[in-house]
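S.K.: My questions are about this predicted structure, shown below with the sequence.
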Amino acid sequence: MREPIVRWTLWHDGRSITYTEEAAAGGRDVHVTYDSLPLATQHCNREEDAARWSDRIRRRWEASG
């Protein structure tokens, strides 16, 4: 099994949110962690779906602070 790939990490007021992806059966599992705690996980069948979800999460985080 491969290690997760960190796609991005954002920092705000000493807090971090990190987006990682890892290969999974039938696609990719994507994970969002907040200060190293699991926040959300989603299975995406296509790379494009994972990228779209990543962009949505990132925009929400950037807009919040």
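M.R.: Cool, got the structure.
S.K.: rest of the way, CA atoms for contacts and neighbours
M.R.: OK.
S.K.: Roughly how far does residue 16 sit from residue 36?
M.R.: For residue 16, the distance to residue 36 (CA to CA, to the nearest Å) stands at 8 Å.
S.K.: And the helices in the chain?
M.R.: Per DSSP state H, the chain has helices spanning 47-63. These are given in chain order.
S.K.: what residue ranges in it score low on pLDDT?
M.R.: Residues of the chain that meet the criterion pLDDT under 70 lie in 1, 65.
S.K.: who does the lengthiest strand in it pair up with?
M.R.: With secondary structure taken from DSSP state E, the chain has its longest strand at strand 15-24. Sheet pairing here is set by DSSP bridges, and for strand 15-24 it gives strand 5-12 (antiparallel), strand 27-34 (antiparallel).
S.K.: That strand: which residues count as buried?
M.R.: The neighbour-count check on strand 15-24 (16 or more other CA atoms under 10 Å) flags 17, 18, 19, 20, 21, 22, 23 as buried.
S.K.: what sits up against that strand?
M.R.: Contact partners of strand 15-24, identified using CA atoms under 8 Å, 6 or more residues apart in numbering, comprise 2-11, 28-36, 54.
S.K.: Please indicate which of those are buried?
M.R.: Buried residues within the contacts of strand 15-24, counting neighbours by 16+ other CA under 10 Å: 28, 29, 30, 31, 32, 33, 34, 54.
S.K.: Name the nearest residue to residue 35, ignoring sequence neighbours.
M.R.: Excluding the flanking residues, the one nearest residue 35 by CA to CA, 6 or more residues apart in numbering is residue 16, at 5.2 Å.
S.K.: Residue 47: which of the buried ones among the contacts of strand 15-24 is nearest?
M.R.: Checking the buried ones among the contacts of strand 15-24 against residue 47 with CA to CA, the nearest one is residue 28 at 7.3 Å.
S.K.: Next, format the buried ones among the contacts of strand 15-24 as a markdown table and append distance to residue 48.
M.R.: Putting the buried ones among the contacts of strand 15-24 into a markdown table (distance: CA to CA, whole Å) gives the following:
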| residue | distance to residue 48 |
| --- | --- |
| 28 | 10 |
| 29 | 13 |
| 30 | 12 |
| 31 | 15 |
| 32 | 17 |
| 33 | 21 |
| 34 | 23 |
| 54 | 10 |
